[in-house]
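1. Generate a structure from the sequence data that follows.
(one chain, ligands or ions: 1)
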Amino acid sequence: MEHRAEARIDTGAIAANISLIKAVCETRLMAVVKADAYGHGLIQIGLIAEKSGADWLGVALLEEGIALRTHGVRIPILAWLLPPGSDFKAAHTHDIDVSVSSIAAFHEISELKVNARIHIELDTGMTRGGFLDEWGEFLLQDFSHVEVIGVFSHFARADEPGERQNTNQLNRFNSMVEDLAAIGIMPAIKHISNSAATMKNHNAALDLVRVGIAMYGLSPDVNTLGDSKSLGLKPAMQLRAKLHLVKKVSAGSFVGYGGTAKTEIDTTLGIVAMGYADGIPRISQGAGVFIDGKRAPIIGRVSMDQFVVDLGPDSTCSTGDWVVIFGDGSQGEYTADDWGQASSTINYEMVTRIGPRVPRIYAPHVY
Ligand SMILES: *Cc1c(COP(=O)(O)O)cnc(C)c1O
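-> Numbers count the residues shown, from 1 in each chain. Model prediction:
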């Protein structure tokens, strides 16, 4: 049986991207596999990353970390989105390091008295997670029941390497690390870089870089940093689906809900077996699919399970043919970057939003 749609993951591309990133960063590499590995599959990518030389894995949720451990991941894992009330005991049992960014969470961890491994998260200017207003009080806490492994922060504008905020954040980071040193806490692992900083800001590599999007072969920001190709990265995900129907229609046919589009001439339409339930954005102005060496643009609105493309009057496509929705662009197909642009979002969201109904297929070769 064949699927009606697939996200094909080139495991060789993941491995190649890891090698490239390791060569660039010259420090330890944490492969970030949160959110089902940005839609690529948590367990498979976690295991491939470990095998391909990643030193750490990073996840948002504790459940994600536990799933990785349950499937045999041995390298250190850090989970960074654990509000008070999280199962910190389970984190310890599964040997998962946890991020701490509030005194409330710190107390819960400390009270376990198990010497839990923690990474202290600092707000150095992004104004999201991390210690800010509680910092002075945090420094007065009793650290004797935890093991402080790391201290970290996150850049807000690493994809704009010339921005002053990057320097400001790094300076603030160093000064907060000194605050810790002053109370005798010297974490072995300081980390602040995401993909963009890893590629463009070598001063910020420190003891570990946390890399997500670049490992999947996508550029953190096509406009400011260039596309995958210019960064030497290989996009790992190719999304494809079948035309569940190909039909001839006459000029003047209204297409889809709301009749928002009309065929200008007699043409051939292809009905693609994927929709917004699968992560195809409902409004995608200027995206489409690739088939027979050509791009075929979307016509009309995307429905829940399907959308329509204009194959053109001379199309030789048939019902049941595969179309590529996005890929690495090497044949002329649309990329996740193109789809992001067409849908007022970013490549990160395009790959991450691909829904659970879409099987992920893994293969070590380039599609
Ligand atoms: C998601 C995330 C990363 C990875 O960011 P990329 O831009 O995908 O490299 C790194 N650190 C933290 C804290 C994150 O939440």
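2. ok, the closest residue to the ligand within the stretch 51-200 of the chain - how many residues close by?
-> Relative to the ligand, the nearest point of the stretch 51-200 of the chain is residue 195 (3.1 Å; CB to the nearest ligand atom). C-beta coordinates here come from the backbone N, C-alpha and C atoms, glycine included. When neighbours are defined as other CB atoms under 10 Å, residue 195 has 28 of them.
3. Provide a list of residues in contact with it.
-> Applying CB atoms under 8 Å, 6 or more residues apart in numbering, we find residue 195 in contact with 158, 211, 212, 213, 214, 215, 220.
4. which residues does the residue nearest to it when sequence neighbours are not counted contact?
-> Distance criterion CB to CB, 6 or more residues apart in numbering; nearest residue to residue 195, sequence neighbours excluded, is residue 214 at 3.8 Å. Residue 214 makes contact with 17, 21, 195, 198, 199, 220, 231, 233, according to CB under 8 Å, 6+ apart.
5. With residue 212 instead?
-> Contacts of residue 212 by CB under 8 Å, 6+ apart are 31, 32, 33, 34, 38, 58, 194, 195, 348.
6. Which positions in the protein make contact with the ligand?
-> 32, 34, 80, 154, 194, 195, 210, 211, 212, 213, 220 (CB under 6 Å from any ligand atom).
7. how is the chain carved up into domains?
-> Domain assignment for the chain by automatic domain parsing gives 11-221, 237-345.
8. Quick check, the residue in the chain closest to the ligand?
-> Closest point on the chain to the ligand, by CB to the nearest ligand atom, is residue 212, at 2.6 Å.
9. Tally up the residues packed near the residue nearest to residue 125 when sequence neighbours are not counted, please.
-> Leaving out its chain neighbours, the residue that sits closest to residue 125 by CB to CB, 6+ apart is residue 169, at 4.4 Å. Neighbour count for residue 169, taken as other CB under 10 Å: 25.
10. again with residue 306
-> Other residues close to residue 306 by other CB under 10 Å number 21.
11. and what of residue 35?
-> Neighbours around residue 35, by other CB under 10 Å: 18.
12. Identify the residues contacting the residue lying closest to it once chain neighbours are set aside.
-> Using CB to CB, 6+ apart and skipping residues adjacent in sequence, the residue nearest residue 35 is residue 352, 5.2 Å away. Residue 352 sits next to 35, 36, 38, 39 when contact means CB under 8 Å, 6+ apart.
13. longest helix in this structure, by residue count?
-> Scanning the chain for the helix with the most residues, using DSSP state H, yields helix 164-182.
14. can you pull the buried residues of it?
-> Under the neighbour-count criterion of 16 or more other CB atoms under 10 Å, helix 164-182 has 166, 169, 170, 173, 176, 177, 180 buried.
15. what do you get for stretch 262-278?
-> 263, 267, 268, 269, 270, 271, 272, 273, 274, 275, 276, 278.
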